[in-house]
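1. Pasted the sequence and its predicted model underneath.
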Amino acid sequence: MATLILHGISLSTYVRTCRMAFLEKGVPYELDPLMPQSPEQKEKQPWGSVPAMTHGDVRMYETLAICGYVDRLFDGPPVLPEDPLANARCLQWTSVFIQYLYRPAIDIVLQRLIVPAQGGEPDEALVASSVPKSDKALAALDGALEGQACFAGGDASLADYMVLPVLHYLKMTPEGEGLLAPRANLARWQAAIDERPSAVETLPDLG
Ligand SMILES: N[C@@H](CCC(=O)N[C@@H](CS)C(=O)NCC(=O)O)C(=O)O
């Protein structure tokens, strides 16, 4: 079968989500570490964002679609659960993550970790407005984990591989530390998911 190629730098949270899904599934892949907004990436993804995927004649972008394609095409443990309720829960929390957590959490991460490292001044108004938005999404995600190991139930699924990479960075900021401190379910969940080989193998190398 054709080689599965994932285009995008390993520091990207969505690239890490795909890599975790591929590893959990046991699917071999090649990482082509293209930078967002590079001419090569813009040729694969109209907005220049990462990741994109090539598999033989199939070219695809959007993390959810890439993971769904690989999940259906290859044998191995399901990334999207087969049980109807577990599948719906996986999609529910993936959707909550994409719609309500990713942007505000990443804005905190960018303003606190990336902008200063590049010699810039953080946008304090953006950080301030992102904190309550992140908090609301984290409260929902924390509640989803009440009494269960993972977002879709007992087994890890795409929702877990979506949320983990962003929480990893968020926890490195003072605001993220404060936001996550009262979230006991997320703390327990993160400690467990962090130990999975797919998480260890894809841990971002910040140099
Ligand atoms: N909807 C896209 C979002 C991808 C995305 O936002 N990627 C981020 C990195 S985690 C990115 O490339 N940001 C920089 C940019 O878009 O220029 C997906 O699901 O793949």
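-> That came through, no problem. Numbering: from 1, shown residues only.
2. Just give me the residue right at the centre of this protein.
-> residue 162 (3.2 Å; C-alpha atoms, centre = their mean).
3. where exactly do the strands run in the protein?
-> 4-7, 30-32, 52-55, 58-61 (DSSP state E).
4. what residues does this protein put near the ligand?
-> Neighbours of the ligand within the chain, by C-beta under 6 Å from any ligand atom: 12, 13, 14, 36, 37, 47, 48, 49, 50, 51, 62, 63. Every C-beta, even on glycine, is put in place using the N, C-alpha and C of the backbone.
5. Selection in PyMOL covering whichever of these are buried, please.
-> The following PyMOL line selects those of those that are buried, judged by 16 or more other C-beta atoms under 10 Å:
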select buried, resi 12+13+14+36+48+49+50+51+63
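6. Can I get the residues of the chain next to the ligand in JSON lines including pLDDT?
-> Below are the residues of the chain next to the ligand laid out as JSON lines (pLDDT from 0 to 100):
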{"residue": "12", "pLDDT": "98"}
{"residue": "13", "pLDDT": "98"}
{"residue": "14", "pLDDT": "98"}
{"residue": "36", "pLDDT": "98"}
{"residue": "37", "pLDDT": "98"}
{"residue": "47", "pLDDT": "98"}
{"residue": "48", "pLDDT": "98"}
{"residue": "49", "pLDDT": "98"}
{"residue": "50", "pLDDT": "98"}
{"residue": "51", "pLDDT": "98"}
{"residue": "62", "pLDDT": "98"}
{"residue": "63", "pLDDT": "98"}
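7. Would you convert the strands of the chain into CSV that also reports mean neighbour count and mean pLDDT?
-> Converted to CSV, these look like this (neighbours: other C-beta atoms under 10 Å; pLDDT from 0 to 100):
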stretch, mean neighbour count, mean pLDDT
strand 4-7, 21, 98
strand 30-32, 15, 98
strand 52-55, 22, 98
strand 58-61, 15, 98
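8. how far does the helix ranked longest in the chain sit from the chain's center?
-> Taking DSSP state H as the criterion, the chain has its longest helix at helix 124-144. Computed by C-alpha atoms, centre = their mean, to the nearest Å, the chain-centroid distance of helix 124-144 equals 16 Å.
9. got the contact list for that helix?
-> Residues from elsewhere that reach helix 124-144, judged by C-beta atoms under 8 Å, 6 or more residues apart in numbering: 89, 93, 96-97, 100-101, 103-105, 107-108, 111-112, 151, 163, 170, 175-176, 179-180, 183-186.
10. Likewise for stretch 82-100?
-> Contacts of stretch 82-100 (C-beta under 8 Å, 6+ apart): 64, 80-81, 133, 136-137, 140-141, 144, 151-153, 155, 157-159, 162-163, 166.
11. still on that earlier bit, so which of the strands of the chain is nearest residue 201?
-> Between residue 201 and these, the shortest gap by C-beta to C-beta is with strand 30-32, which sits at 11.2 Å.
12. Within its sheet, name the partner strands of the closest one and how each one runs.
-> Each strand paired with strand 30-32, and its direction, by DSSP bridges: strand 4-7 (parallel).
13. what does the strand it pairs with rub up against?
-> 15, 18-19, 22, 27-32, 34, 40-41, 44-45, 50-55, 66, 70.
14. can you give me the helices in this protein?
-> Under DSSP H, the chain gives helices at 13-25, 39-44, 63-73, 84-96, 102-109, 115-117, 124-144, 158-170, 174-180, 184-194, 197-201.
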